[in-house]
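**Student:** The following comprises the amino acid sequence and a computationally predicted model.
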Amino acid sequence: MNYNALTRRYFEMPAAAGELSGADVSRGASGSVAAGTWVQFDLQAASTTLQAARFLAFGCPHTIAVAAWLTEQAPGRVLTPALPEGVQALSTRFEVPIPKLGRLLIVEDAWIAAATRALARVNALIKIAP
């Protein structure tokens, strides 16, 4: 299969691969290794601003490239469950073939899970702050 330059770049050099730890980190995952696609995001947020993001992924080059790109885009953004770009825009940007679009939904689900947990943590901190 031919991959566009952006997909190759982020697949070959996923700079934000790995995990984060600490009280200000929220984790979300989706998919399964047995089914061929699994993605996990760790998001570190201070108040409502993303400070850092990391990912782990098992899947095709498109899956890994999109997860890597998302984590690179995260720092400095407002914490929201929405992806910086929708699935359709990501599929165009990374030239994801139609049969693989479901994998981007797994990426989106993992992002939403992590961001929702992060927002819940931030909201809980705001409520208990003096």
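**Tutor:** Arrived safely, thanks for sending. Numbers count the residues shown, from 1 in each chain.
**Student:** can we go C-alpha only for contacts and neighbour counts from here?
**Tutor:** Fine.
**Student:** so where is the chain shaky, pLDDT-wise?
**Tutor:** 126-130 (pLDDT under 70).
**Student:** could you pull out the helices for it?
**Tutor:** 5-12, 61-73, 87-93, 101-128 (DSSP state H).
**Student:** Comparing those, which stretch has the densest surroundings?
**Tutor:** helix 61-73 (a mean of 23; mean count of other Cα atoms under 10 Å).
**Student:** Check which helices and strands that helix is in contact with.
**Tutor:** helix 5-12, strand 49-58, helix 101-128 (3 or more Cα pairs under 8 Å, 6 or more residues apart in numbering; DSSP states H and E).
**Student:** will you turn the ones you listed into JSON lines that also has distance to residue 41?
**Tutor:** As requested, the helices and strands packed on helix 61-73 are exported to JSON lines (distance: least, Cα to Cα, whole Å):
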{"stretch": "helix 5-12", "distance to residue 41": "16"}
{"stretch": "strand 49-58", "distance to residue 41": "4"}
{"stretch": "helix 101-128", "distance to residue 41": "6"}
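**Student:** Quick one: closest of those to residue 24.
**Tutor:** helix 101-128 (8.0 Å; Cα to Cα).
**Student:** And the helices of the chain: which comes nearest residue 35?
**Tutor:** helix 101-128 (10.5 Å).
**Student:** From the chain's centroid, how far away is that closest one?
**Tutor:** How far helix 101-128 lies from its chain's middle: 9 Å, per Cα atoms, centre = their mean, to the nearest Å.
**Student:** So which of the helices of the chain is nearest residue 49?
**Tutor:** Nearest to residue 49, of the helices of the chain and by Cα to Cα, is helix 101-128 at 9.9 Å.
**Student:** name the helices or strands packed onto that closest one?
**Tutor:** When contacts are defined as 3+ Cα pairs under 8 Å, 6+ apart, helix 101-128 packs onto strand 25-32, strand 37-46, helix 61-73, helix 87-93.
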